[in-house]
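Colleague: I would like the atomic coordinates for the input below:
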Amino acid sequence: MKQSSLGLSNTVKRTRKREFLDAMELVVPWAELVALIEPYAPESGRRGQQPFPAQTLLRIHFMQQWFKLSDPAMEEALHDVPAFRDFAGLSHWDEHIPSESSILRFRHLLERHKLAEQILATVNALLQARGLQLKAGTVVDATLIAAPSSTKNQRGERDPEMHQSKKGNQWYFGMKAHIAVDADSGLVHTVRGTSGNVNDVVEANSLLHGQETDAFGDAGYQGVDKRPDARAGVRWHVAMRPGLRRALDKDKPVDGLIDQFERIKARIRAKVEHPFRVLKQQFGYVKVRYRGLRKNTAQIVTLFALSNLWMVRHELLAMGQVRVQGA
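Modeller: Prediction:
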């Protein structure tokens, strides 16, 4: 018997949360992701309380990412928000709700077996099979993600794996998310997490998947093709430095053509801003949640996998190839 049948959830309003969750219910490849996780999940049949199904915990984990919820806040939300319980498959009135410890252990399981990277790879394999990633070109970029600079913690120190970085005339403390996206679709195919003081160009060549012929980057990637790790057969199209571009005389034919070429490169590079917008605006991820690069990088990789699905949700639904799976 569900809560709705008991009259405990009698609202008929289609809230934005429900609309969002209904859309993600249809586009997330639940069966494939659960099959990825189940080999590492605790087995049922042991003494004591039985473990929750992998799909239930995966759905809860994804809701944490979408709605910026900590482990304790996620447990409370499952008690308070019927839409969250329905999405997790916990809508029966007598079902146990996972505690924050259960939610924490599942996150640690994903981190321990590096499943965030496999989740991204599984999502991208699905999208590529449906023709949504061409892999002919790659656009690279990085964004700073702030970390708490306070020392009011148990150790009395800032996170040693986070560092300061200067952007423009302002200093930031935290980490960087380096990503590479498909130049045609704008979908993320590679993610790296580093300290905030790592230069963008250092990670550039490691972001390439090896099948592209062209790569694009802003002016911060000058000299990327001359680095020791540069890949043969890849043509880099890096933006001109702003000062040099401003100095162009557009009335001169050659300078005018150079400026037009820079505009074309800028339009292609703009694709990389879309995943950052989803990450920060749609999912509200603007500050790291954990201490250490490993945990925060795992969360960022998961978020970009989910952002890929969010950006192409309309295309996936229009294809009629996504069926409802799960609870």
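Colleague: What strand or helix carries A125?
Modeller: Take DSSP states H and E as the rule and A125 turns out to sit in helix 115-129.
Colleague: same thing with Q164?
Modeller: Here Q164 sits within strand 163-167, counting by DSSP H and E.
Colleague: tell me the mean pLDDT over that strand?
Modeller: Strand 163-167 comes out with an average pLDDT of 85.
Colleague: between the helix or strand following the helix holding A125 and strand 163-167, how many degrees?
Modeller: Next helix or strand after helix 115-129 toward the C-terminus (DSSP H and E): strand 137-146. The directions of strand 137-146 and strand 163-167 differ by 120 degrees, with axes from the mean of the first three to the mean of the last three C-alpha atoms, to 10 degrees as the criterion.
Colleague: In the helix or strand where L33 lies, which residues are buried?
Modeller: L33 is part of helix 30-37, with elements assigned from DSSP H and E. Using 16 or more other C-beta atoms under 10 Å as the test for burial, helix 30-37 gives W30, L33, V34, L36, I37. Placement of C-beta: from N, CA and C, glycine included.
Colleague: so the second one makes contact with L58?
Modeller: Same thing as L33. Yes. In this structure L33 lies within contact range of L58 using C-beta atoms under 8 Å: 6.2 Å.
Colleague: can you give me the helices for the stretch 1-150 of the chain?
Modeller: 16-27, 30-37, 54-67, 71-80, 82-88, 100-112, 115-129 (DSSP state H, counting those that start in this stretch).
Colleague: how about those helices, which one is nearest R241?
Modeller: Distance to R241, taken as C-beta to C-beta, is lowest for helix 115-129 among the helices of the stretch 1-150 of the chain, at 32.6 Å.
Colleague: Show me what the closest one is packed up against.
Modeller: When contacts are defined as 3 or more C-beta pairs under 8 Å, 6 or more residues apart in numbering; DSSP states H and E, helix 115-129 packs onto helix 30-37, helix 100-112, strand 188-195, helix 293-311.
Colleague: pLDDT on that helix, on average?
Modeller: The pLDDT scores in helix 115-129 average 95.
Colleague: Could I get the helices and strands packed on helix 115-129 in a markdown table, plus columns for distance to A23 and mean pLDDT?
Modeller: Formatted as a markdown table, the helices and strands packed on helix 115-129 follow (distance: least, C-beta to C-beta, whole Å; pLDDT from 0 to 100):
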| stretch | distance to A23 | mean pLDDT |
| --- | --- | --- |
| helix 30-37 | 14 | 96 |
| helix 100-112 | 23 | 96 |
| strand 188-195 | 19 | 96 |
| helix 293-311 | 8 | 97 |
